[in-house]
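Q: Return a 3D structure for these sequence lines:
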Amino acid sequence: MARYDKVDPISGSFRAPLNADLTATEDTGTGPPVGVTINVSGRVVVGSAVEPGDPIVGVLCTTRNMKAGDIVDVMTAGEIVEMPAATFVAGVSVWCLTTGVLDATAPGVGANKCYVGTMVEAGRLVVRLGSVQGV
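A: Below is the predicted model of the structure:
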């Protein structure tokens, strides 16, 4: 189960309430964190980006089931450990789809996508969130 390892609470994350109930990744067995957006009510929503690369605002790791309205920490810069080694190997860049799912596929030519960070070793992701366009 992926979890936050290093994060500066002043500049590397923010807190906001969840928009809907969320089942923890340890229960679903998916492992990796998910990309999130903020809706017009100021609540955290998994995925829901209108366009690839924007407006994913951070990544979320859950360690337990959470209810709508619970306050969560959303990471924008930091380190996440215990990433699934089969999907994310050392040296690959990690990207976020509009659904919130993380993957290792860079954007195609002229396509926007959210850059999440880089795997610096098996299981450890350095998060440096940003939007990019493929070239």
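Q: what's the burial count for residue 104?
A: Neighbour count of residue 104, defined by other C-beta atoms under 10 Å: 12. No exception for glycine: its C-beta is placed from N, CA and C like everyone else's.
Q: no no, residue 92
A: Taking other C-beta under 10 Å as the neighbour definition, residue 92 ends up with a count of 15.
Q: show me what contacts it?
A: If a contact means C-beta atoms under 8 Å, 6 or more residues apart in numbering, then residue 92 has 104, 118-119 as its contacts.
Q: Got the confidence number for it?
A: With respect to pLDDT, residue 92 has a value of 92.
Q: thinking again about what came up before, would you turn the contacts of residue 92 into JSON lines with pLDDT and distance to residue 47?
A: Listed next are those as JSON lines, based on pLDDT from 0 to 100; distance: C-beta to C-beta, whole Å:
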{"residue": "104", "pLDDT": "89", "distance to residue 47": "17"}
{"residue": "118", "pLDDT": "95", "distance to residue 47": "22"}
{"residue": "119", "pLDDT": "94", "distance to residue 47": "21"}
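Q: Touching, residue 117 and residue 124? I think so.
A: No. In terms of C-beta atoms under 8 Å, residue 117 does not count as a neighbour of residue 124; the distance is 10.0 Å.
Q: Let me know the closest of the contacts of residue 92 to residue 5.
A: Using C-beta to C-beta, the shortest approach to residue 5 within those belongs to residue 119, at 13.2 Å.
Q: how about that closest one, what does it touch?
A: Residue 119 sits in contact with 83, 88-94, 125-126, where contact means C-beta under 8 Å, 6+ apart.
Q: ok, of those, which come out buried?
A: Of all those considered here, the ones buried according to neighbour count by 16 or more other C-beta atoms under 10 Å are 83, 88, 94, 125-126.
Q: out of these, who's nearest residue 132?
A: residue 94 (12.3 Å).
Q: ok, so what distance separates the closest one from residue 39?
A: If you measure residue 94 against residue 39 using C-beta to C-beta, to the nearest Å, the figure is 24 Å.
Q: lowest average confidence, helix or strand, in this protein?
A: For the chain, using mean pLDDT, DSSP states H and E, the weakest element among its helices and strands is helix 25-28, scoring a mean of 52.
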